[in-house]
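**Q** Just the structure for this:
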Amino acid sequence: MFTEVVKAEYAGGYRVRLWFNDHVEKTVDLENSLRGKVFEPLKNPELFKRFSVKFNTIEWENGADFAPEYLYALPVAD
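**A** Residues are numbered from 1 along each chain as shown. Predicted coordinates for the structure are as follows:
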């Protein structure tokens, strides 16, 4: 089975609560993952929290996204 994000919600700071298609639910902190030109604008918290679930992962208005497998492998945020 392919890993897919089926639901996501903003959880404060740079954290996102994620629900996956295998019924795993967890919150991840993406602050240290915001590297590179496409992610630079997302360091603005107002822009960061404006994501949506698209193409089985989370995506922002500027086209930035993370592979669902990457999100799944991240540790649970404190």
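**Q** residues in contact with the helix ranked longest in the chain?
**A** Scanning the chain for the helix with the most residues, using DSSP state H, yields helix 68-73. Outside helix 68-73, the residues that touch it by C-beta atoms under 8 Å, 6 or more residues apart in numbering are 2-5, 16, 18, 20, 24, 28, 33, 56-58. Any C-beta I mention is one placed from the backbone N, CA and C, and that applies to glycine too.
**Q** Could I get the full set of helices for the protein?
**A** Under DSSP H, the chain gives helices at 45-48, 68-73.
**Q** burial count for V16?
**A** Using other C-beta atoms under 10 Å, V16 is surrounded by 24 other residues.
**Q** Show the contacting residues for it.
**A** Shown in contact with V16 (C-beta under 8 Å, 6+ apart): 8-10, 27-28, 30, 51, 58, 71.
**Q** Where does the prediction get shaky in the protein?
**A** Across the chain, nothing is flagged by pLDDT under 70.
**Q** give me that answer again for 80
**A** Along the chain, segments meeting pLDDT under 80 span 1, 78.
**Q** And the residue nearest the centre of it?
**A** Geometric centre of the chain, nearest residue: I58, 5.1 Å, by C-alpha atoms, centre = their mean.
**Q** ok, that one - contacts?
**A** Contact analysis of I58 by C-beta under 8 Å, 6+ apart lists 5, 8, 16, 18, 51-52, 65-66, 71.
**Q** how much space between it and G12?
**A** To G12, I58 is 15 Å away according to C-beta to C-beta, to the nearest Å.
**Q** And for D65?
**A** Separation of D65 from G12 (C-beta to C-beta): 20 Å.
**Q** Pick out whichever of those two has more residues nearby.
**A** D65 (19 against 12).
**Q** Can you tell me who that one pairs with across the strands?
**A** D65 has these beta-bridge partners by DSSP bridges: E59.
**Q** Surely it touches S52?
**A** No. Assessed by C-beta atoms under 8 Å, D65 is found out of contact with S52, at 10.1 Å.
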